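Student: just coords:
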Ligand code: IMP
């Protein structure tokens, strides 16, 4: 079974491929007319609402194309910082593009409470059904940008289940074992319960 991941982020596609391959499922990036779909994100703080909206938009885009009956995967994720009352949360990608990692470090310059959490919600739509799963990963925000792997806030996030390195210093496999997305995708891949070969 092939799953089409509706995202413009190839890092997310690689992380998902890694996990779904263990279930004998392959993940490809959803492309229509040679480009990845752009979603209108609802102004919502509810990740489930955002993910369901992405699924509905993706379904509408593939209608009438050869991909109409394919399984579609969407995911919504973000970084929630305790002392910033969960900012940037649902605005994570916008904040990353605007003030960036150094902007976040500046906001926390005088702050001792570095507690934060990555959260993800993954949803797969197939056969008229939607299966969903959430995952989280707690850790703390580093004092500087460390590491070049991964993407987004990885170089400033130190997961508690790691060894003190930021996610930006971890391999994809190391990160997936403890990450919010790794957990959400693993659970959703289990919910799919594909027939054993
Ligand atoms: P989305 O693509 O709308 O779900 O936005 C997610 C945003 O949250 C990304 O653009 C990153 O800024 C941040 N983010 C989500 N997951 C991760 C991760 O695994 N590492 C680093 N940043 C992440």
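Tutor: Great, that's in hand. All figures in this text were calculated on a predicted structure; none of them were measured in a lab.
Student: Tell me the bridge partners for the most centrally placed residue in the chain.
Tutor: For the chain, the residue nearest the mean C-alpha position is residue 77 (4.5 Å; Cα atoms, centre = their mean). With DSSP bridges applied, residue 77 shows beta-bridge pairing to residue 120.
Student: ok, it - contacts?
Tutor: Residue 77 sits next to 47, 92, 118-121, 180-181 when contact means Cβ atoms under 8 Å, 6 or more residues apart in numbering. In this view, the C-beta of every residue, glycine as well, is placed from N, C-alpha and C.
Student: and the residue of the chain found nearest the ligand, what does it touch?
Tutor: When scored by Cβ to the nearest ligand atom, the chain has residue 152 as its residue closest to the ligand, at 2.4 Å. Residues near residue 152 by Cβ under 8 Å, 6+ apart: 11, 79, 92-93, 96.
Student: how about low-confidence regions in the chain?
Tutor: Scanning the chain for pLDDT under 70 picks out 193-197.
Student: Three-state assignment for residue 80, please.
Tutor: Three-state assignment for residue 80 (DSSP: H, G, I helix; E, B strand; the rest coil): strand.
Student: Which residue is the nearest non-sequential neighbour of it?
Tutor: Leaving out its chain neighbours, the residue that sits closest to residue 80 by Cβ to Cβ, 6 or more residues apart in numbering is residue 86, at 4.4 Å.
Student: Over to residue 167?
Tutor: In space, residue 167 is closest to residue 154, 3.8 Å off (Cβ to Cβ, 6+ apart).
Student: At the contact with the ligand, which residues of this structure appear?
Tutor: 9, 76-79, 92-93, 96, 118, 150-154, 167, 179, 181 (Cβ under 6 Å from any ligand atom).
Student: Most neighbours among the contacts of residue 152, which one is it?
Tutor: The residue in those with the most neighbours, by other Cβ atoms under 10 Å, is residue 79 (28 neighbours).
Student: Fine by me, thanks again.
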